[in-house]
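**Q** structure for the following, please:
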Amino acid sequence: MSGKTHVIRTIDDGEGFAPSLILFPSTTPTLVADVMAMATLKARYAAPMFCFGLHASTTPAESMARAPQVNGMFVGEPEDGALELAALADTNELGNVASLTYRRGGEIIPHRAHGTFNGFLEAPVPAWDLLDVSQYTLPLEGRPYVIVETSRGCPYTCDFCVAPIHQGHKFRERSASSIVDEMAHIVRTHGVRFFYLWGDTVTLNVKSFSAICEEIISRQLNVRWFGNARADNLQDPTFVDRLKRSGCWMLALGIETESDETRKDMMKRLESEKIRIALVNMRASGIKSFGFFILGYPGEDLKALDRTIDYAIRLDPDFANFYPAVPYPGTELYNKAKRDGLLASEDWTKMEYSFYLLKGNGLDEQVVMDAINRAKRRFFLRPRYLVRHAGDVLKLAITKWPVAWHIGSQMLFGRRA
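**A** Got it, this is the predicted structure:
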């Protein structure tokens, strides 16, 4: 949905549409706008509204205090709780849904449990027929793609990440047969052969993900896929070759910083040598690499930012993006920044990658965002890089011209261009 007018028009197209519940996802920077949009539906249908997602899981009570139109927020995975909610006779029984923080009169009642989707491993194929999947195309390829969720949960404790707060630390992975059955179904019914294999770290369990790859290979699906990985899962060249043979064309890696010590402060258990080996293995197998880097983490100064930019250039992944450290509410990074007086602002609408809300060691929003634009110019405008990736640059311009223009404008003119 692109806006309020589009929402209402879509609803009017449905005959007899009269919802008794309104459920919607939201994020930290979009909560206010999302609630405003959903409140128009609440007023139209006199139906209670409930929020779910990463932000609802991290700060449900404070969010409801800021958004009085919301009747409740699911903490954790929402699927089972949503079914319990739908089965209630009325909203007087909201206390029966353990994962729900809810409103009772003028009081906000906290949740009693963290929601878990117990049926995840046997979840049915999403109803992709309800969407025109041809409208969702990949940059560089210009071809439709579909998301297939392979796993949930992350055992790691990176202090800037909200994902484990929402899905928990227990890693749960669907079976090879169920994942590949879903991919085969989508190929057969929609003709789509590009996939985003979705999970916080899809390659976490090398043994079980190898089985997924072998299943794809043995069925000769002729698909291409990309996903998120960790460098320390890519140390075995045989495993990386298997990923490539199953159709993997790109993996995204959270590299974060040049400094092993800063990664330790982030509680990111990852050494520089393992990052180097992972990129060597990916290049040898022909898998493109996309490196993510964080600038402005507490304790860094301007020289540290420049060292990370130099490091990114030396590593030379196929693609890179540079982000400001964002202290999302509920994370240990937020708690650390709050405790040490490093928060320059707690404006939720700015808790995203277009702003820098920390301070200290000579860093502020102007310094860090300028460093990010400098990093992009230095990384992407290298003559060697442009020659090697001339084909990718041309493909991006052809398949996603607005994206290419936005990236180019940011690099040349700054983030608000």
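**Q** list of residues touching the helix or strand where Leu333 lies?
**A** Using DSSP states H and E, Leu333 maps to helix 332-339. Here helix 332-339 makes contact (CB atoms under 8 Å, 6 or more residues apart in numbering) with Thr157, Asp159, Phe160, Met266, Met267, Pro298, Ala325, Pro327, Tyr328, Leu342, Leu343, Leu358. Quick note: C-beta positions are derived from backbone N, CA and C, even for glycine.
**Q** pretty sure the last one contacts Ala344?
**A** Okay, so that is Leu358. Yes. Here Leu358 reaches Ala344: they are 6.2 Å apart, a contact under CB atoms under 8 Å.
**Q** quick one: low-confidence parts of the stretch 101-250 of the chain?
**A** Within the stretch 101-250 of the chain, not a single segment meets pLDDT under 70.
**Q** what about the helices in it?
**A** Secondary structure of the stretch 101-250 of the chain (DSSP state H, counting those that start in this stretch): helices at 163-167, 176-190, 206-219, 237-245.
**Q** would you mind finding the most buried of the ones you listed?
**A** Mean neighbour count, computed with mean count of other CB atoms under 10 Å, is highest for helix 163-167 among the helices of the stretch 101-250 of the chain, reaching a mean of 22.
**Q** returning to what we had before: next step: the contacts of helix 332-339 restricted to helices.
**A** In helices, judged by DSSP state H, none of the contacts of helix 332-339 are found.
**Q** got a PyMOL select line for the buried ones in the residues you listed?
**A** Restricted to buried positions by 16 or more other CB atoms under 10 Å, the PyMOL selection for the contacts of helix 332-339 reads:
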select buried, resi 159+160+266+298+325+327+328+342+343+358
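**Q** among the contacts of helix 332-339, which two are most distant?
**A** The largest distance within those, taken as CB to CB, falls between Thr157 and Leu343 and amounts to 21.3 Å.
**Q** mind listing the strands for the stretch 101-250 of the chain?
**A** 107-109, 145-149, 151-152, 172-173, 194-198, 224-229, 248-256 (DSSP state E, counting those that start in this stretch).
**Q** now tabulate the ones you listed in JSON lines and tack on distance to Ala82 and mean neighbour count.
**A** Shown next, in JSON lines, are these (distance: least, CB to CB, whole Å; neighbours: other CB atoms under 10 Å):
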{"stretch": "strand 107-109", "distance to Ala82": "18", "mean neighbour count": "14"}
{"stretch": "strand 145-149", "distance to Ala82": "17", "mean neighbour count": "18"}
{"stretch": "strand 151-152", "distance to Ala82": "16", "mean neighbour count": "24"}
{"stretch": "strand 172-173", "distance to Ala82": "19", "mean neighbour count": "18"}
{"stretch": "strand 194-198", "distance to Ala82": "20", "mean neighbour count": "20"}
{"stretch": "strand 224-229", "distance to Ala82": "26", "mean neighbour count": "22"}
{"stretch": "strand 248-256", "distance to Ala82": "30", "mean neighbour count": "22"}
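**Q** redo these as a markdown table? Include distance to Arg307.
**A** Converted to a markdown table, these look like this (distance: least, CB to CB, whole Å):
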| stretch | distance to Arg307 |
| --- | --- |
| strand 107-109 | 45 |
| strand 145-149 | 35 |
| strand 151-152 | 34 |
| strand 172-173 | 36 |
| strand 194-198 | 32 |
| strand 224-229 | 24 |
| strand 248-256 | 13 |
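**Q** just give me the neighbour total for the residue nearest to Pro25 when sequence neighbours are not counted.
**A** Excluding its sequence neighbours, the residue lying closest to Pro25 (CB to CB, 6 or more residues apart in numbering) is Gly53, at 4.1 Å. Neighbours of Gly53 under the rule other CB atoms under 10 Å: 20.
**Q** and Gly53, how far from Ala87?
**A** In this view, Gly53 and Ala87 are 22 Å apart by CB to CB, to the nearest Å.
**Q** next one: Ala375
**A** 51 Å.
**Q** more neighbours, the two?
**A** A count of neighbours by other CB under 10 Å puts Ala375 above the other of Ala375 and Ala87, at 23 against 10.
**Q** ok so, going back, pLDDT on whichever helix or strand comes after the helix holding Leu333, on average?
**A** Note on helix 332-339: by DSSP H and E, the next helix or strand toward the C-terminus is helix 365-380. Averaged across helix 365-380, the pLDDT comes to 97.
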